[in-house]
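Q: just the structure for this:
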Amino acid sequence: MKEERRKHPRAKLKWPVVAEAEERIIYGTTADVGIGGAFISCRAPLELGEIFDMVICDVSLVDCPLPLDASLRIKAGVVRLKSYETDDLRLHRGMGVRFLNISDSERALIATLISQSSINA
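A: Residues are numbered from 1 along each chain as shown. Modelled structure (predicted):
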């Protein structure tokens, strides 16, 4: 059995995400979120170790009780890539990211939403 290395709990929250790197913009959806990072499902993940600006868009439109047009802007880094191969074709599933620059209020908001999602699960 694989040992869990995460320090903080995560929740299966599906939020639309835009990852803005130097000359690339990646669109995806969070598959799970914790106060320290997230897994982003996307077709073309950034490179391992790449630092980027992540915008979690309009979370109020998904399944979260936030004000209308609420979004979070977070500096993040790619710490894991997930892909699979089939018939000589490598298909990407997404990337695990660590939050690098997140305010205390954003971290508290994410913690509250994780808490609420586990209560409602």
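Q: show me what contacts the residue most central in space within the chain?
A: The C-alpha lying nearest the average C-alpha coordinate of the chain belongs to Ala38 (CA atoms, centre = their mean; 3.4 Å). Applying CB atoms under 8 Å, 6 or more residues apart in numbering, one finds that Ala38 lies in contact with 10, 17, 30-32, 76, 96-97, 99. For the C-beta atoms, the positions are set from N, CA and C on the backbone; glycine is no exception.
Q: check it and give its pLDDT.
A: Confidence at Ala38, expressed as pLDDT, is 94.
Q: show me what contacts Ala31?
A: Applying CB under 8 Å, 6+ apart to Ala31 gives the contacts 12, 14, 38-41, 94.
Q: any chance of those in JSON lines, with distance to Ile51 and secondary structure too?
A: Compiled in JSON lines, the contacts of Ala31 are given as follows (distance: CB to CB, whole Å; DSSP: H, G, I helix; E, B strand; the rest coil):
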{"residue": "Lys12", "distance to Ile51": "26", "secondary structure": "coil"}
{"residue": "Lys14", "distance to Ile51": "24", "secondary structure": "coil"}
{"residue": "Ala38", "distance to Ile51": "15", "secondary structure": "strand"}
{"residue": "Phe39", "distance to Ile51": "17", "secondary structure": "strand"}
{"residue": "Ile40", "distance to Ile51": "14", "secondary structure": "strand"}
{"residue": "Ser41", "distance to Ile51": "20", "secondary structure": "strand"}
{"residue": "Gly94", "distance to Ile51": "17", "secondary structure": "strand"}
